[in-house]
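**Student:** make a model of this:
(chains A and B)
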Amino acid sequence: MILAGCGMMVFLGIAGCGKSGGSASGNKTAGTLQIKGSDTIVNANQKLSEEFMKDHADIFVAVTGGGSGVGIASLINKSCDIAAASREMTAEEIQMAKAKGVNPKEITVAYDGVAVILNKNNPVEKLAIADLNKIFTGEVTNWKEFGGKDLPIVTLSREVSSGTYAYFKEMVIHLGKKDGKAEFSSKTLLMSSSQAIVEEVVNNEGAIGYLGMGYLSDRIHALHVAVAKDKEYYSPDLAAVMNKTYPLSRPLYFYCDGEPQGATKLFVEFTLSPKGQKQFVDTGFVPLEAANAPKIQ
Amino acid sequence: MHRKFSEFLIEGCIRLSGVLCIGFVVLIFLFLLKDALSLFGVYSPAKFLFGTQWLPVSKPAQFGIIPLVVGSLYVTVGAILICVPIGVGAAMFIGEVAPQSLKNILKSLVEILAAIPSVVLGFIGIVWLGPFLKTTFHLGTGMCGLTGSLLLAFMALPTIISISEDALAGVPRAYREAAFGLGATRWQTLWRILLPAASSGIIAGVMLGIGRVIGETMVVMMVTGNAPVIPSSILEPLRTLTATVASEMGEAVSGSEHYFALFAVGLILFIITFIINLIADMSLRKARK
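**Tutor:** Predicted coordinates:
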């Protein structure tokens, strides 16, 4: 997964240099469909496309990751049909798209909780958003401040192309303010994929990272997070994200150029159907409607 | 007539390939230059070259490349310090000391070493070397400059060994015979005669190895942690020029300030590798004389 993710990033990097790199531009009725973007849901998209291709043998769906920024940039450069994003397009991006004759249409496809993960041996169980802010801006640098071991904190982040990075920056570093000026601590490690964050957290007792809940596993443990110290703490699970009590809950989007047509339309319809929504559940995300979710206790 | 025509055709083809190669280099350079210089219309060159913060998506964006240049420098110098002694030593062993049967095996092994894909090395760095260095040196994280240096040294070794070995083999037989004739031991001959005589070729090999190290992207992106901070030691996370371009190019919309800044970084890299290759070329030329 790491290999694939990194390989893709380099490939995209190269493809991005030549403007003619896009293959699927404007060819909406043809048999291929390019989906690019968010690393958070790249696995979900891959599964969606595999299921989709079982029903539509004449349409080939290609899924690549790299980060939401990569997907949105290639939508603007007309080198993909669907940009998968774990954040909203910014006003500047929409403006740039319009200038290039692209009319971005937003479709919410599922929900996600951004999980904050720690090494299994780290005893810290729960933190408020304000604590996370102190950790990721570098104000607090030792775990003993939060009742943990006497260990330096190693903060892990995604690259700037990641939608999860943009979301986490707004919610935690800027405490929800759109025009915040604060930055991640300059000591923060920028990892090239979500899986790379998992690997580092597994190997490093002092590490803390964040990622989409689809990457959670029993090799790491996810913090319970509260809006403020005196509020209730929630873990990033299906129930808490579904009713939005988990503070870092967010929608996941598809963006296409104008109203989806042809193969794109078929794929979007499939994504929103119960069978499509089930693929998100299977890869660890939260469906749009409770009816499509597995039973919540 | 027929023979003359085919001569002409083949000669033309060869000439075309030569001209095309040069043409590509010139075109790439012009392409880089055009987009890189566009940055300086909107961002001051002094702030780009001497800025100490690289914050491409903040508002306002900061494109100071000092942390990236220092990062690349740390990793490269670290890699050179590790790979040059080992590489030249290995070349001396393979070329002059090892018996013929062992020599052939070693030579093909070195070639296999060159064929290991860089992602594979990066993967080894993430799952094994990084955690190993972390526990050995009691670091905060194994994703640091040294991890990158070690893996890059490994990547540069085949180049250095092959070219140095060729250079040693190219020293005229008469030198050896004269040295032995004067009663020099094998080691004295190797150290005092062969090594100085082959020095230009060895330097060329080392320079080409350095060129490989500074241009390598995948490994450093995977294992050095990519924190855009000016590192105070090689045991800290750092970010290189190449990793920056590779990880940010995909999301930079063509024509934006960020996009041009990445081209400017590419131009700086191009200039650095160009200078290194030039030095390598000059020493190779000297070696042939």
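**Student:** and stretch A:208-223, average pLDDT?
**Tutor:** For stretch A:208-223, mean pLDDT is 93.
**Student:** please state the offset of that stretch from the chain centre?
**Tutor:** 13 Å (Cα atoms, centre = their mean, to the nearest Å).
**Student:** do stretch B:140-156 as well
**Tutor:** Per Cα atoms, centre = their mean, the centroid offset for stretch B:140-156 relative to its chain is 14 Å.
**Student:** one more: stretch A:121-140?
**Tutor:** Relative to its chain's centre, stretch A:121-140 lies at 21 Å (Cα atoms, centre = their mean).
**Student:** stretch B:47-65: how far from the chain's middle?
**Tutor:** 26 Å.
**Student:** before we move on, what about stretch A:171-191?
**Tutor:** 16 Å.
**Student:** now stretch B:163-178: buried residues?
**Tutor:** B:163-168, B:171, B:176 (16 or more other Cβ atoms under 10 Å in any protein chain shown). C-beta: built from backbone N, CA, C; applies to glycine.
**Student:** looking at those residues, which are in helices?
**Tutor:** Filtering the buried residues of stretch B:163-178 for membership in helices, criterion DSSP state H, returns B:163-168, B:176.
**Student:** and residue 135, what's its pLDDT?
**Tutor:** Chain wasn't specified; assuming chain A. According to the model, A:I135 scores 95 on pLDDT.
**Student:** try chain B instead
**Tutor:** 88.
**Student:** now for it, how many residues are close by?
**Tutor:** 10 (other Cβ atoms under 10 Å in any protein chain shown).
**Student:** now do the SS call for the closest residue to chain B within chain A.
**Tutor:** Residue of chain A nearest chain B, by Cβ to the nearest Cβ: A:G69 (2.9 Å). Three-state call for A:G69 (DSSP: H, G, I helix; E, B strand; the rest coil): helix.
**Student:** quick one, what contacts it?
**Tutor:** Neighbouring residues of A:G69 by Cβ atoms under 8 Å, 6 or more residues apart in numbering or on different chains: A:160-163, A:166, B:57, B:250-251.
**Student:** farthest-separated two in those residues?
**Tutor:** Farthest pair in the contacts of A:G69 (Cβ to Cβ) is A:A166 and B:G250. Separation: 14.5 Å.
**Student:** so A:N43 touches A:G212, yeah?
**Tutor:** No. Counting by Cβ atoms under 8 Å, A:N43 stays clear of A:G212, with 9.4 Å between them.
**Student:** tell me which of those two has more neighbours.
**Tutor:** Legend: neighbour count by other Cβ under 10 Å for A:N43 and A:G212, higher for A:G212 (30 against 22).
**Student:** what's the helix or strand for residue 79?
**Tutor:** Let's take chain A. Under the criterion DSSP states H and E, no helix or strand holds A:S79.
**Student:** you looked at the wrong chain, it should be chain B
**Tutor:** Going by DSSP H and E, B:A79 is in helix B:66-92.
**Student:** skip the chain neighbours and tell me the closest residue to B:E236.
**Tutor:** B:C144 (5.6 Å; Cβ to Cβ, 6 or more residues apart in numbering or on different chains).
**Student:** give me every residue that touches the one you found.
**Tutor:** Contacts of B:C144 (Cβ under 8 Å, 6+ apart): B:130, B:133, B:224-225, B:234-238.
**Student:** and the pLDDT at it?
**Tutor:** 90.
**Student:** number of residues surrounding A:M96?
**Tutor:** 20.
**Student:** what helix or strand is it on?
**Tutor:** helix A:91-99.
**Student:** which outside residues touch that helix?
**Tutor:** Taking Cβ under 8 Å, 6+ apart as the rule, helix A:91-99 contacts A:72, A:75-76, A:89, A:103-104, B:253, B:255-256.
**Student:** one more pass at 10 Å, please.
**Tutor:** A:69, A:72-73, A:75-78, A:83, A:85, A:88-90, A:102-104, A:106, A:255, A:257, B:59, B:253-256 (Cβ atoms under 10 Å, 6 or more residues apart in numbering or on different chains).
**Student:** so for stretch B:213-233, what gets flagged as buried?
**Tutor:** Buried residues in stretch B:213-233 (16+ other Cβ under 10 Å): B:213-231.
**Student:** likewise for stretch B:25-45?
**Tutor:** B:32, B:35-36, B:38-39, B:43.
**Student:** could you check whether that stretch is close to chain A?
**Tutor:** Yes. Shown here: stretch B:25-45 in contact with chain A (Cβ under 10 Å from any Cβ of the partner chain) through B:31-32, B:35.
**Student:** just those residues: which are in helices?
**Tutor:** Counting by DSSP H, these contribute B:31-32, B:35 to helices.
**Student:** where does chain B have low pLDDT?
**Tutor:** The model of chain B has pLDDT under 70 over residues B:1, B:287-289.
**Student:** three-state assignment of the spatially closest residue to B:V229 that is not a sequence neighbour?
**Tutor:** What sits nearest to B:V229 in space, not counting adjacent residues and going by Cβ to Cβ, 6+ apart, is A:S186, at 4.1 Å. Following three-state DSSP, we place A:S186 in the coil state.
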